[in-house]
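J.: A predicted structure for the sequence below; I have some questions about it.
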Amino acid sequence: MKVLQYSEILPQGTLIEPAFETFGRPSAAIVSQNPSWLFMIDEMPGAHFAHPVKLVVVDAVTRDQQVIETEWWPKVDSRQIFDKESIRADPSLITFYKKPSRLTDAISDIRMIDSGLLAVASQCDAWAVIVCGFNDLPDTFDEDTEGIYSILKSLGIDDSHIYFLSPHTGHTGVDALNTIENVQWAINEVAAKSGVNDKVLFFYSSHGGVDGLVCSTGTSGGTIYAGDLDNWLDGITCKEMAIIVEACHSGSLIGKYSDGTFVPAESDLTADGETNRVIFTSASTDSSSYPDIDGPDDPNPSDSGSESIYGYIMAFSEPSADEDGDGRISFGEAYLYAWDNDVTRLRGDNMPQMLEAGLNRNNVFHQCLSSQTGSKFKKPLYEVPFERIIPEVIPQPGPVEKIVSRSGGL
């Protein structure tokens, strides 16, 4: 008896059916309702003609199982898989093998496919919460937030993964008003959907004070306090969280001062021991940030938005920002470009801040890299101790081709 597992996740809507119809019987078929795994339980490995086979589809979301009992390998969206002996003998696809004591009488029990034991390694997804926190178009907060939204779109991040809050609800990409309740809602939405291998960006541009960010729609508003923001963000499971804040005194969120002093106990965003965050604030605890400042000493006169943060946005379209020449812009590269082109820093009027909490800023990207977007699951995908898989030996039925629905771990 041999159990094979298809090496790729099956997307929602995939059609799984036997490659060949049993004589006189219509083919059964399964359409995956969610991303799913596919197993083939081969009752008589080595046989080259029709013999009992089970095709087991395990829903990766619900863990429900559906089974087709047939006589040979499957088709996935009309493409035959496991159709060659060399493929069926590939060790990377074999999750269980045992020669039955009575080859002609043995048939597997689908309870051996215990969905609770599947080793899941979700592929990378990217998420973002963008907040324009103040309603005053002569200010530059909308330029910052709409600029980073455009960058994320250019990196291939879908609107369904971007939660954009702004008082300017008619602007492109904006999902809802920038109320405090909606900021918490957006963060909770990401928390409900993100996974351990995901990337999350939290981008906020507004006025601010020590340990607080202004959140005003123009008709109502208040302050988001640093401790509350950290508690909300703590609910997100992810591999990397990039936090960018444009606001006066925003360095107070990470306990950093303009003279280089770092007070860890004052770092609300990392004081809980977070090890998956990298944070860029436009100002120090004791300094104010500025809108775009031009002049003969401005190294970046074509910028707009807020002086300290907008350079970060521009880095994604500036070839010179790609320090290592790999064709993509890391968090660290964008931060360095913003730092080098911030005339308020060069004049000594302001001091932006950076904090790495368990991450190297040069290895953090807003988009998922190609190496992180392959198969959703580890190989082997189904890993259990040998003694946990004991097939039952029961009388073998006659030729069948039917579908059986099962729920949960069987």
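T.: Arrived safely, thanks for sending. It should be emphasised that the depicted structure is a prediction, and the values quoted were computed from it without experimental measurement.
J.: where are the low-confidence patches of the stretch 251-400 of the chain?
T.: By pLDDT under 70, the low-scoring segments of the stretch 251-400 of the chain are 370-400.
J.: Show me the helices in it, by range?
T.: 307-314, 331-340, 343-346 (DSSP state H, counting those that start in this stretch).
J.: separation between Ser258 and Pro18?
T.: 70 Å (C-beta to C-beta, to the nearest Å). For the C-beta atoms, the positions are set from N, CA and C on the backbone; glycine is no exception.
J.: before we move on, back to that, so for Leu55, which of the helices of the stretch 251-400 of the chain sits nearest?
T.: helix 331-340 (44.1 Å; C-beta to C-beta).
J.: Only alpha carbons, please: show the helix or strand containing Val58 as PDB.
T.: Assigned by DSSP states H and E, Val58 falls within strand 53-59. Output in PDB follows, covering the C-alpha atoms of strand 53-59 (Å, rounded to 0.1, in the frame of the first residue of the first chain):
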ATOM      1  CA  VAL A  53      -7.400   3.400  -5.700                       C
ATOM      2  CA  LYS A  54      -8.700   6.100  -3.400                       C
ATOM      3  CA  LEU A  55      -8.400   9.800  -4.300                       C
ATOM      4  CA  VAL A  56      -8.600  11.900  -1.100                       C
ATOM      5  CA  VAL A  57      -9.100  15.600  -1.200                       C
ATOM      6  CA  VAL A  58      -8.500  17.400   2.100                       C
ATOM      7  CA  ASP A  59      -9.800  21.000   2.400                       C
END
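J.: what does that strand rub up against?
T.: 10, 16, 18, 30, 32-34, 36-43, 64-74, 108, 110, 113, 115, 118 (C-beta atoms under 8 Å, 6 or more residues apart in numbering).
J.: Buried among those residues? Make that a ChimeraX selection.
T.: To isolate the buried subset of the contacts of strand 53-59 in ChimeraX, counting by 16 or more other C-beta atoms under 10 Å, use the following:
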select :10,16,18,30,32,36,37,38,39,40,41,42,43,64,65,66,67,68,69,70,71,72,73,74,108,110,113,115,118
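J.: Sitting in strands, which of the contacts of strand 53-59 do you find?
T.: Using DSSP state E, the subset of the contacts of strand 53-59 located in strands is 16, 18, 30, 36-42, 65-70, 74, 118.
J.: re the thing from before, mind putting the helices of the stretch 251-400 of the chain in a markdown table, distance to Leu253 and mean neighbour count included?
T.: Output for the helices of the stretch 251-400 of the chain, formatted as a markdown table (distance: least, C-beta to C-beta, whole Å; neighbours: other C-beta atoms under 10 Å):
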| stretch | distance to Leu253 | mean neighbour count |
| --- | --- | --- |
| helix 307-314 | 14 | 28 |
| helix 331-340 | 16 | 22 |
| helix 343-346 | 18 | 20 |
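J.: Now render those as TSV, adding distance to Arg361.
T.: TSV is the format used below for the helices of the stretch 251-400 of the chain (distance: least, C-beta to C-beta, whole Å):
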stretch	distance to Arg361
helix 307-314	12
helix 331-340	4
helix 343-346	17
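J.: Near Ser317, how many residues? Count them for me, please.
T.: Look at Ser317: counted by other C-beta atoms under 10 Å, it has 11 neighbours.
J.: Would you check how far apart it and Val131 are?
T.: In terms of C-beta to C-beta, Ser317 sits 23 Å off from Val131.
J.: cool, and Pro138?
T.: With the distance defined as C-beta to C-beta, Pro138 ends up 19 Å from Val131.
J.: same deal with Pro299?
T.: Relative to Val131, and taking C-beta to C-beta, Pro299 is found at 28 Å.
J.: ditto for Asp64
T.: From Asp64 to Val131 the distance is 38 Å (C-beta to C-beta).
J.: what does Trp185 give?
T.: Counting by C-beta to C-beta, the gap from Trp185 to Val131 is 11 Å.
J.: of the two, who's got more company?
T.: When Trp185 and Val131 are compared for neighbours, Val131 comes out ahead with 25 against 16, by other C-beta under 10 Å.
J.: doesn't Ser205 make contact with the more buried one?
T.: Yes: between Val131 and Ser205 there is a contact under C-beta atoms under 8 Å: 7.2 Å.
J.: Identify the contacts common to the two.
T.: Taking C-beta under 8 Å, 6+ apart as the criterion, Val131 and Ser205 both touch Thr145.
J.: Spit out the contact partners of the residue nearest to Ser36 when sequence neighbours are not counted.
T.: Of all residues not flanking Ser36 in the chain, Leu10 sits nearest, at 4.6 Å (C-beta to C-beta, 6 or more residues apart in numbering). Contact analysis of Leu10 by C-beta under 8 Å, 6+ apart lists Ile16, Ser32, Pro35, Ser36, Trp37, Leu38, Val57, Val76.
J.: Is it possible to get JSON lines of the residues you listed that adds distance to Gly218?
T.: Below are the contacts of Leu10 laid out as JSON lines (distance: C-beta to C-beta, whole Å):
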{"residue": "Ile16", "distance to Gly218": "53"}
{"residue": "Ser32", "distance to Gly218": "46"}
{"residue": "Pro35", "distance to Gly218": "42"}
{"residue": "Ser36", "distance to Gly218": "47"}
{"residue": "Trp37", "distance to Gly218": "50"}
{"residue": "Leu38", "distance to Gly218": "53"}
{"residue": "Val57", "distance to Gly218": "52"}
{"residue": "Val76", "distance to Gly218": "53"}
